[in-house]
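>>> have a look at this prediction, sequence included:
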Amino acid sequence: MSEILKAEQLTKRYGGQCALDHIDLSLERGRIVGLLGPNGSGKTTLLKIAAGLLSQSEGSVTIDDEAPGKNTKRIVSYLPDRPVFSKSMRVNDLVCKLADFYDDFDREQALRLFSEMDIDLNKRFKELSKGTIDKVQIVLAMSRKAALYLLDEPIGGVDPAARELIIKTIINNYNPEATVVIATHLIADVEPVLDDVVFLKQGHIVLHQDVDGLRAEREKSVDEIFREVFSC
Amino acid sequence: MLGKLIKYEFKESWQPMVIVFGLMLAVALIDGIAMRVGARVEAFANLMSVIFGLLVVVAGVLVIVWTVKRFYDNLLSDQGYMTMALPASAAEQVGAKLIVNIVWILAYVAVVCLSTALLFVVSGGYEEVARQGIAWNFQQLNVSIAQYHLWASFWLVVVLTAASLAETILTVYFAMAVGQLVHRHRILLSVVMWIGIAVVEQILSVRMIYVMSDNMNSVVAAANFGKLVGAFNQFGLIALAITLVLGAIWFIATSWILDRHLNLE
């Protein structure tokens, strides 16, 4: 099976600081991948490069054999780690906009999820709490039938009950043939749903393995292995 | 995709423009009525005239600030995470912003003309001008326009103004695209870059006007109005060609930077 995302010697420097240091990574289709690492390990940088929002300093990245650009953006659903909408916009405005731009956007699914989460479509973003904005963003990202979902800290800023709801939303609504990359440092919450893990430490990949194999090999949970790898 | 981008650009930018434009027309109308009423409300009419003048300035500033702010906020700050993730090329994104900005600037010019005309007519100023027979001079002007084909010159000036407007907007876009390349002091670099471009362009245009005016002197000396119009048109066409080439360079460079070196940090 061909890879959906491939990075070769991918490097990104911010001034003198190296966020990604010559990493090689290949992700297969149909997998749920945990991109795990502490804050500042390079997770967001990697996702932004793959989403075509940041240019690399060296190396290359391809999505479905193409460099990030107009074509890859058609098949990549990216969830940023922050609110990215004008505060005066209504939720419904955004639903209409995404339905207009993305052929794979499932409006019915989005409306159903908003209804289940009790989110008022006529509310403006400035009227919504941070937790609700996070839910809106995850619903919009998961309402696309994309080939690659890049989810940056989808459960980062919400309470444990909302985390469960968001993970359930991801698992119940993604395109099963797609690859889902979940970047987070909250391992215990996402561990049950992961097929593979990639550990990122100071811009280097220190581990890339399937979760079942890793657990069997080390006889520990991913969360425990993460704590070992990233302990000071 | 360009059409969709333009549609949403209008949808997300119309409110402040329409409010200010509406205010300008309303104040012009009220001022005109107050002027017609005369001495009884003179102080009020004067106040409205001041407000109208201020609104013209404020609306102009708003259009310019909005041009810069929309591009920066929508493409290069947090909103860029959504806008630049849309399946559109950077050229389409830049093109949509440019077209909508030009439309708003032209709308501003149209509203200034319309509100001034409204003020002129409602206040009774037009009737006064007509009574004094100045309308006759317009007829004379029409004869002169036909005789020297001045409509061609007029449209050349209109096209050149629109092209210069677009080129100026594109220099602002280019400066911001360059500014986002660095890790720190992005806005400072954008401002410095834009000032640099403006200074170089100004020096080159002054030089060009100087060279062309040498040629114009001999035409003026010949005291032939037809030749003067011809020389003016030739000068305008050269300026238009240069403006279009410069605009194309800024457009391509901005799109290339946003396509290949986007840095939403």
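Cool, got the structure.
>>> pLDDT weak spots in the stretch 1-150 of chain B?
Within the stretch 1-150 of chain B, the segments meeting pLDDT under 70 span B:130-139, B:148.
>>> residue numbers of it in contact with chain A?
B:1, B:4, B:8, B:11-12, B:73, B:78-82, B:84-89 (CB under 8 Å from any CB of the partner chain). Backbone N, C-alpha and C define where each C-beta goes, glycine included.
>>> are any of those residues buried, and which?
Neighbour counting by 16 or more other CB atoms under 10 Å in any protein chain shown classes B:8, B:12, B:78-82, B:84-89 among those as buried.
>>> secondary structure and distance to B:Q180 added to those, as JSON lines?
Below are those laid out as JSON lines (DSSP: H, G, I helix; E, B strand; the rest coil; distance: CB to CB, whole Å):
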{"residue": "B:Y8", "secondary structure": "helix", "distance to B:Q180": "22"}
{"residue": "B:E12", "secondary structure": "helix", "distance to B:Q180": "21"}
{"residue": "B:D78", "secondary structure": "coil", "distance to B:Q180": "13"}
{"residue": "B:Q79", "secondary structure": "coil", "distance to B:Q180": "14"}
{"residue": "B:G80", "secondary structure": "helix", "distance to B:Q180": "9"}
{"residue": "B:Y81", "secondary structure": "helix", "distance to B:Q180": "13"}
{"residue": "B:M82", "secondary structure": "helix", "distance to B:Q180": "16"}
{"residue": "B:M84", "secondary structure": "coil", "distance to B:Q180": "11"}
{"residue": "B:A85", "secondary structure": "coil", "distance to B:Q180": "16"}
{"residue": "B:L86", "secondary structure": "coil", "distance to B:Q180": "18"}
{"residue": "B:P87", "secondary structure": "coil", "distance to B:Q180": "21"}
{"residue": "B:A88", "secondary structure": "coil", "distance to B:Q180": "18"}
{"residue": "B:S89", "secondary structure": "coil", "distance to B:Q180": "17"}
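>>> of all these, which comes closest to B:S190?
Checking these against B:S190 by CB to CB gives B:G80 as the nearest, at 14.5 Å.
>>> just checking, the closest one touches A:L54?
No. The criterion here is CB atoms under 8 Å, and B:G80 misses it with A:L54 at 10.6 Å.
>>> quick check: neighbours shared by the two?
Counting by CB atoms under 8 Å, 6 or more residues apart in numbering or on different chains, the residues touching both B:G80 and A:L54 are B:L264.
>>> quick revisit: can I get the buried ones among the residues of the stretch 1-150 of chain B next to chain A in CSV with distance to B:M48?
What follows is those, written out as CSV (distance: CB to CB, whole Å):
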residue, distance to B:M48
B:Y8, 37
B:E12, 32
B:D78, 41
B:Q79, 38
B:G80, 42
B:Y81, 45
B:M82, 43
B:M84, 45
B:A85, 48
B:L86, 45
B:P87, 50
B:A88, 45
B:S89, 48
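>>> excluding its backbone neighbours, what's nearest A:H185?
A:P38 (5.6 Å; CB to CB, 6 or more residues apart in numbering or on different chains).
>>> dump the residue contacts of the residue nearest the centre of chain A.
Nearest residue to the geometric centre of chain A (CA atoms, centre = their mean): A:L151, 1.4 Å. Applying CB under 8 Å, 6+ apart to A:L151 gives the contacts A:79, A:138, A:141, A:170, A:180-183.
>>> you'd agree it is in a strand?
Yes. Residue state for A:L151 (DSSP: H, G, I helix; E, B strand; the rest coil) corresponds to a strand.
>>> confidence score at it?
pLDDT recorded at A:L151 is 93.
>>> for whichever helix or strand A:T44 is part of, which helices and strands make contact with it?
Assigned by DSSP states H and E, A:T44 falls within helix A:43-50. Applying 3 or more CB pairs under 8 Å, 6 or more residues apart in numbering or on different chains; DSSP states H and E, one finds that helix A:43-50 contacts strand A:3-14, strand A:17-28, strand A:32-36, strand A:58-63, strand A:148-152, strand A:179-184.
>>> angle of the fourth one against helix A:43-50?
With axes from the mean of the first three to the mean of the last three CA atoms, to 10 degrees defining the directions, strand A:58-63 sits at 70 degrees from helix A:43-50.
>>> helices or strands up against strand A:58-63?
Using 3+ CB pairs under 8 Å, 6+ apart: strand A:58-63 touches strand A:3-14, strand A:17-28, helix A:43-50.
>>> count the residues that sit near A:S129.
For A:S129, the neighbour count with other CB atoms under 10 Å in any protein chain shown is 9.
>>> that concludes my questions; thank you for your assistance.
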